[in-house]
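1. Next comes the sequence, and after it the predicted model I'd like to discuss.
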Amino acid sequence: MYRTHDCGELRLSDSDKTVTLAGWVQRLRKLGGMTFVDLRDRYGITQLVVDEKTPAELRAAVESLGREYVVQATGRVAERASKNPRLATGDVEILLESVTVLNPSELPPFTIEDDTDGGDELRMRFRYLDLRRAPLRRALELRHRMAHEVRRYMDSQRFLEIETPYLIKSTPEGARDFVVPSRIHRGEFYALPQSPQTFKQILMVGGYDRYFQIVRCFRDEDLRADRQPEFTQIDCEMSFVEREDVLGVFEGLAKHLFKSVLNVEFDGDFPRMTYDDAMRLYGCDKPDIRFGMTIADLTAAAKGRGFAAFDNAEYVGAITAAGCAGYTRKQLDALAEWVRRPQIGAGGLAYFRTGSEGVKSSFDKYYTPEELRDMASAAGAAEGDLTLILAGGRKATLAGLSALRLEMGARLGLRTEGTFKPLWVVDFPLFEYDAESGRFYAMHHPFTSPVPEDMSKLESSPAEVKANAYDFVVNGVEIGGGSIRIHNAELQRAMFRVLGFSPEEAERQFGFIINAFRYGAPPHGGIAFGFDRWCAIFGGSDSIRDYIAFPKNNSGKDTMIDSPSTVSREQLDELGLEITEIKK
């Protein structure tokens with residue numbers, strides 16, 4: 001037996017016991033005639049000690065230890081003279097009787113501490129060392145606990161966890177597929193699933209009316225902090241339901257996770273907001289409602305006064321920062337520079353201050369005092385407030401105002417950590433029109449049903465059709481999304497026609513699900529939650545990486561195992577593949 005206890009287990013009640021621990025040397029400290037060793041494992045840290053009374057051979061063995069050595073230590077539990085309240089084991093220490101080096105370690109390339117000196121790339125290259133750090137351990141423990149609670153709740157609601165395939169058929173729409181060549185069927189390819197969408201709908205046709213799965217999904221798309229090429233979803237589907245049934249069950253899941261994991265409770269139902277209102281008031285479809293500062297449309301009040309920046313714009317919008325009229329010119333110049341960044345792309349920032357003597361703006365000469373007061377009224381500005389204005393195309397300006405609102409919220413401390421404001425966003429457009437390709441695309445996916453009242457407009461006026469879809473948003477992060485699905489073969493064919501599929505293309509790509517709908521498909525709907533994002537939100541992080549044991553970097557590489565990598569000529573020949581150089 002390598003150990004009788006773990007390194008986070010011992011307390012004063014264990015005093016005088018002889019115990020054996022095993023773990024890694026966190027640090028070693030010499031103070032006078034005493035040497036202290038912090039021994040660490042997944043469960044915590046326990047202090048080991050030798051003094052001048054300890055046999056010389058044992059003292060020498062302890063003093064020869066290095067950081068991250070793996071050791072086994074036996075000794076007697078004693079009360080510490082100098083207690084450490086930051087440690088669960090901080091009241092006790094082990095008076096060493098023997099120590100055995102199970103494996104020495106080279107000096108790690110960065111310190112294995114909560115606040116490490118290793119950069120992101122270095123820590124990802126040595127991920128097995130980074131995983132020893134307490135923040136990652138806590139993150140993965142949180143992930144485990146959340147998965148357990150998801151399964152516990154879903155089981156209580158009579159859902160079955162059913163696995164779906166990883167090697168499937170490549171289909172258009174959505175993100176780019178990862179494809180896998182087949183050796184047996186030369187020249188043909190599998191795809192890794194972007195989600196189990198069609199399979200969970202087929203499970204509904206098969207009569208499994210409550211399905212869920214904590215499932216790995218794959219998308220070959222550009223990466224960012226909350227996106228990875230492989231990620232995990234809580235994938236769910238239900239039969240014989242309408243939208244309210246789905247929202248009720250999965251609002252219940254959200255409340256269960258908040259309560260069981262964070263001990264956070266909510267009174268009443270989560271608020272709901274239409275997509276149109278979200279875009280109008282917040283400039284995005286995943287609003288952070290922890291603070292106000294909503295967007296005001298100043299187009300009517302601002303245009304037609306001779307100020308070209310406003311007159312030539314399709315849309316003029318503003319946010320008002322309460323109590324910020326005292327911002328200095330330096331602060332305003334910094335904000336103007338911030339909105340000009342490529343990520344925002346605004347041409348400039350206009351502003352006005354509302355004070356006891358009236359409204360003072362950066363464009364005073366174009367407006368009368370009465371017109372400025374009308375503009376302040378339209379912006380909802382009160383005395384002492386600062387109103388920040390962007391102008392341009394409607395879509396781009398709303399996006400810029402959305403980003404500026406979040407930036408101001410952060411600067412003013414309004415995006416409070418530890419507070420949660422969930423909401424449902426509903427009634428999305430069913431389609432997005434792409435002028436470059438001259439066609440409509442499904443805003444969610446091609447199996448989303450229109451709302452019942454818009455069914456008749458599907459082919460005659462597709463731009464006006466609302467989707468029977470919903471997103472779940474927490475603190476400005478989209479955690480999940482879903483919809484009531486199409487379950488009728490004719491309606492599904494009509495959907496494909498609007499999306500530009502010929503009957504032959506629709507049959508080739510999706511014939512299996514259209515055929516399934518011909519054999520008594522029940523009404524059904526569902527949702528998928530980003531499990532990694534759930535974990536990051538609960539852990540108070542903007543990035544999902546630390547909640548994934550082995551993530552990829554920003555270029556989609558696993559630098560620890562050097563993946564992706566080339567394969568041998570023999571493997572390529574088996575698959576019938578040739579690698580060609582891309583001409584620059």
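-> In hand now; what should we look at? Residues are numbered from 1 along each chain as shown.
2. any chance you could map the helices in the stretch 1-150 of the chain?
-> 56-63, 120-125, 127-130, 134-156 (DSSP state H, counting those that start in this stretch).
3. between those helices, which gets nearest to Arg42?
-> Between Arg42 and those, the tightest spacing by CB to CB is seen for helix 134-156, at 6.1 Å. Quick note: C-beta positions are derived from backbone N, CA and C, even for glycine.
4. Could you check that closest one and say which residues are buried?
-> For helix 134-156, the neighbour count (16 or more other CB atoms under 10 Å) marks Leu136, Arg137, Ala139, Leu140, Leu142, Arg143, Met146, Ala147, Glu149, Val150, Tyr153, Met154 as buried.
5. what helices or strands is it leaning on?
-> On a contact count with 3 or more CB pairs under 8 Å, 6 or more residues apart in numbering; DSSP states H and E, helix 134-156 meets strand 210-218, helix 243-257, helix 531-539.
6. returning to what we had before: which one of the buried residues of helix 134-156 is nearest to Ile184?
-> Relative to Ile184, and with distances defined as CB to CB, the nearest of the buried residues of helix 134-156 is Ala147, at 34.8 Å.
7. So the closest one is in contact with Ile214, correct?
-> Yes - using CB atoms under 8 Å as the test, Ala147 is close enough to Ile214 to be in contact (5.8 Å).
8. What residues of stretch 454-465 count as buried?
-> Using 16+ other CB under 10 Å as the test for burial, stretch 454-465 gives Asp454, Leu458, Pro462, Val465.
9. Among these, name the ones in helices.
-> Among the buried residues of stretch 454-465, no residue falls in helices (DSSP state H).
10. May I see those residues arranged in TSV, with distance to Ile484 as well?
-> Formatted as TSV, those follow (distance: CB to CB, whole Å):
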residue	distance to Ile484
Asp454	12
Leu458	14
Pro462	18
Val465	14
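11. which among those gets closest to Leu372?
-> Nearest to Leu372 out of those is Val465 (CB to CB; 41.3 Å).
12. circling back: pick the most deeply packed of the helices and strands packed on helix 134-156.
-> Stretch with highest mean neighbour count among these: helix 531-539 (a mean of 23; mean count of other CB atoms under 10 Å).
13. which parts of the helix or strand following it are buried?
-> Next in sequence after helix 531-539, counting helices and strands by DSSP states H and E, comes helix 569-575. Across helix 569-575, burial judged by 16+ other CB under 10 Å covers Leu575.
14. With just CA atoms, put helix 569-575 into CSV.
-> As requested, the backbone C-alpha atoms of helix 569-575 are provided in CSV (Å, rounded to 0.1, in the frame of the first residue of the first chain):
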residue,chain,number,x,y,z
ARG,A,569,3.2,7.5,-47.3
GLU,A,570,2.0,4.0,-46.7
GLN,A,571,-1.1,5.3,-44.8
LEU,A,572,-1.9,7.7,-47.6
ASP,A,573,-1.6,5.0,-50.2
GLU,A,574,-3.9,2.8,-48.2
LEU,A,575,-6.5,5.6,-48.2
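15. ok, and what's touching that helix?
-> Helix 569-575 is contacted from outside by Pro181, Ser182, Arg183, Arg186, Glu578, Ile579, using CB atoms under 8 Å, 6 or more residues apart in numbering.
16. quick check: mean pLDDT across it?
-> The average pLDDT within helix 569-575 is 93.
17. Over to stretch 210-219?
-> 97.
18. how about the buried residues of stretch 454-465, which pair is most distant?
-> So, the buried residues of stretch 454-465 by CB to CB: farthest apart are Asp454 and Pro462, at 9.5 Å.
19. got any residues that touch both of those two?
-> Leu430.
20. Mind listing what's buried along stretch 113-131?
-> Thr116, Gly118, Arg123, Met124, Arg125, Phe126, Arg127, Leu129, Asp130, Leu131.
21. Export the residues you listed to TSV and append columns for distance to Asp558 and pLDDT.
-> Below are the buried residues of stretch 113-131 laid out as TSV (distance: CB to CB, whole Å; pLDDT from 0 to 100):
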residue	distance to Asp558	pLDDT
Thr116	20	94
Gly118	17	91
Arg123	13	95
Met124	8	95
Arg125	9	96
Phe126	12	97
Arg127	8	97
Leu129	15	97
Asp130	13	97
Leu131	14	97
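22. can you put the residues you listed in a markdown table and add distance to Gln201?
-> Shown next, in a markdown table, are the buried residues of stretch 113-131 (distance: CB to CB, whole Å):
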| residue | distance to Gln201 |
| --- | --- |
| Thr116 | 46 |
| Gly118 | 45 |
| Arg123 | 41 |
| Met124 | 37 |
| Arg125 | 41 |
| Phe126 | 43 |
| Arg127 | 37 |
| Leu129 | 44 |
| Asp130 | 40 |
| Leu131 | 38 |
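23. What is the nearest of these to Met560?
-> Nearest member of the buried residues of stretch 113-131 to Met560, counting by CB to CB, is Arg127, at 4.7 Å.
24. now that closest one, nearest residue through space, not along the chain?
-> Met560 (4.7 Å; CB to CB, 6 or more residues apart in numbering).
25. Could I get the full set of helices for the stretch 401-550 of the chain?
-> 489-498, 503-517, 531-539.
26. Farthest pair within the contacts of helix 569-575?
-> Ser182 and Ile579 (17.5 Å).
27. neighbour count winner among those two?
-> Using other CB atoms under 10 Å, the more surrounded residue of Ser182 and Ile579 is Ser182, with 14 against 8.
28. Off-centre distance for the strand or helix carrying Ala396?
-> Per DSSP H and E: Ala396 is located in helix 394-411. Taking CA atoms, centre = their mean, to the nearest Å, one finds helix 394-411 lying 20 Å from the centre of the chain it belongs to.
29. Met238: which element?
-> In this assignment (DSSP H and E), Met238 forms part of strand 230-239.
30. Could you pull up the mean pLDDT of that strand?
-> 97.
31. Output it as PDB, restricted to C-alpha atoms.
-> This file holds the C-alpha atoms of strand 230-239, laid out as PDB (Å, rounded to 0.1, in the frame of the first residue of the first chain):
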ATOM      1  CA  GLU A 230     -13.900  19.600 -30.300                       C
ATOM      2  CA  PHE A 231     -16.200  20.500 -27.500                       C
ATOM      3  CA  THR A 232     -19.000  19.000 -25.400                       C
ATOM      4  CA  GLN A 233     -22.700  19.500 -25.500                       C
ATOM      5  CA  ILE A 234     -25.500  18.500 -23.200                       C
ATOM      6  CA  ASP A 235     -27.700  17.300 -26.100                       C
ATOM      7  CA  CYS A 236     -31.400  16.800 -25.500                       C
ATOM      8  CA  GLU A 237     -34.600  16.000 -27.400                       C
ATOM      9  CA  MET A 238     -38.300  15.400 -26.400                       C
ATOM     10  CA  SER A 239     -41.400  14.200 -28.200                       C
END
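32. how does the chain divide into domains?
-> 12-103, 137-267+528-573, 291-411, 422-522 (automatic domain parsing).
33. just how off-centre is the second one within its chain?
-> Domain 137-267+528-573 has its C-alpha centroid displaced from the chain centroid by 12 Å (CA atoms, centre = their mean).
34. for the shortest one, same thing?
-> Taking CA atoms, centre = their mean, one finds the center of domain 12-103 at 40 Å from the center of the full chain.
35. Just to check, Arg353 is in contact with Leu372?
-> No - counting by CB under 8 Å, Arg353 stays clear of Leu372, with 10.3 Å between them.
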